[in-house]
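got a predicted structure here, sequence first:
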Amino acid sequence: MPLPALRPAPRRRVLTAACAVTGALALGLTAAPTSAHATAPLTYAALGDSYSAASGVLPVDPTNLLCLRSTANYPHVVAAHTGARLTDVTCGAAQTKDFTQAQYPGVAPQADAVAPGTDLVTLTIGGNDNGTFINAVAACGTAGVLSGGAGSPCKDKYGTSFEDAIDANTYPALKTALRAVRAKAPDARVAVLGYPWITPATADPSCFAKLPIASGDVPYLRSLQTHLNAVVRRAAEETGATYVDLAQASEGHDACKPVGTRWIEPLLFGSNIVPVHPNALGEQRMAERVVNALGLD
């Protein structure tokens with residue numbers, strides 16, 4: 001069932017001797033506290049890029065306007081559902097390197113938000129490395145306009161170059177970033193989300209005005225995103241993290257779909273100030289997948 005958008009009253013987990021086994025299975029704990037004491041809320045650190053920050057979704061978090069972070073992003077929804085104590089350092093345009101170095105002056109490396117006592121970490125990362133998303137969408141959008149939507153001009157020009165850069169650079173950088181997180185909190189549950197679909201599997205002529213990608217380049221971009229998600233999954237699994245697969249869940253909710261169905265806003269004529277990013281519905285659904293994948297119900 002869908003999660004509520006934001007719950008004003010957090011739900012606390014109270015473990016007694018009678019429910020210790022249930023709590024351990026649901027949250028991955030290895031031991032339960034004594035029945036005389038209620039457990040503290042989960043300590044939750046949210047890391048990641050604009051798909052985690054929900055850049056473009058209102059309301060904007062006023063504590064750091066550089067990061068264009070929303071207080072309706074999926075970490076806030078997960079925290080409200082679980083009663084977790086959230087530290088949200090998600091930031092628009094973040095790359096894997098920003099886990100271990102400052103993205104902006106005065107903005108600490110994201111991994112600094114993770115501590116030995118952190119219970120839960122979530123993130124999306126990798127799409128900005130090599131400029132993968134922005135360069136591919138911009139290049140294919142420009143080529144699509146110039147070709148009038150015909151052929152596959154972007155694929156013809158760039159071939160496997162985007163995927164080659166993901167393999168050569170993004171994959172090792174992902175593993176480095178995730179290992180940095182694991183080193184900070186060896187016992188934390190780390191959930192790495194894939195990216196929800198931006199384009200449909202095949203071209204939708206009615207979508208060209210909103211997403212001006214040539215018909216032959218729509219599957220090209222879809223294949224690129226498939227490749228990126230596969231690399232993110234591989235890095236997550238190889239570093240002991242849980243990969244949250246959004247491929248099936250986001251099918252039919254791409255940027256070509258109407259308002260109320262789409263999770264991702266189109267390049268043009270969308271409802272968010274930041275195009276080609278999740279809207280509030282998309283963030284809500286991403287939160288649901290995190291809760292389900294980690295058994296946080």
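In hand now; what should we look at?

quick one: Ala143 and Ala214 touch, right?
Yes - contact criterion C-beta atoms under 8 Å: Ala143 and Ala214 qualify, at 6.3 Å. Just so you know, the C-beta spots here come from the backbone N, C-alpha and C atoms, and that holds for glycine as well.

mind listing the shared neighbours of these two?
153-154 (C-beta atoms under 8 Å, 6 or more residues apart in numbering).

more neighbours: these two, which one.
Ala214 (26 against 21; other C-beta atoms under 10 Å).

could you report the pLDDT at that one?
The per-residue pLDDT reported for Ala214 equals 98.

repeat for Thr39
79.

likewise Thr30?
In this model, Thr30 carries a pLDDT of 38.

check which helix or strand covers the residue lying closest to Lys175 once chain neighbours are set aside.
Excluding the flanking residues, the one nearest Lys175 by C-beta to C-beta, 6 or more residues apart in numbering is Ala235, at 4.9 Å. According to DSSP states H and E, Ala235 maps onto helix 218-238.

tell me the buried residues in that helix?
Buried residues in helix 218-238, counted by 16 or more other C-beta atoms under 10 Å: 218-233, 235-236.

ok, then the element right after it?
Note on helix 218-238: by DSSP H and E, the next helix or strand toward the C-terminus is strand 242-244.

in its sheet, what does that next one sit against?
If you go by DSSP bridges, strand 242-244 pairs up with strand 189-193 (parallel).

angle of the partner strand against helix 218-238?
170 degrees (axes from the mean of the first three to the mean of the last three C-alpha atoms, to 10 degrees).

what about strand 189-193, average pLDDT?
Across strand 189-193, pLDDT averages out at 98.

show me the strands in the stretch 1-150 of the chain, by range?
Using DSSP state E, counting those that start in this stretch, the strands of the stretch 1-150 of the chain run over 43-46, 85-88, 120-123.

out of these, deepest packed?
When these are scored by mean count of other C-beta atoms under 10 Å, the highest mean neighbour count falls to strand 120-123 (a mean of 28).

low-confidence stretches in the stretch 1-150 of the chain?
Counting by pLDDT under 70, the stretch 1-150 of the chain has low-confidence residues at 1-38.

what do you get if the cut-off is 50, keeping everything else the same?
Counting by pLDDT under 50, the stretch 1-150 of the chain has low-confidence residues at 4-37.

so who does the residue nearest to Ala249 when sequence neighbours are not counted touch?
Leaving aside its chain neighbours, Ala249 sits nearest to Arg289 (5.7 Å; criterion: C-beta to C-beta, 6+ apart). Arg289 makes contact with 193, 244-246, 249, according to C-beta under 8 Å, 6+ apart.

now with 10 Å, please.
Going by C-beta atoms under 10 Å, 6 or more residues apart in numbering, Arg289 touches 74, 78, 191, 193-194, 196, 244-246, 248-250.
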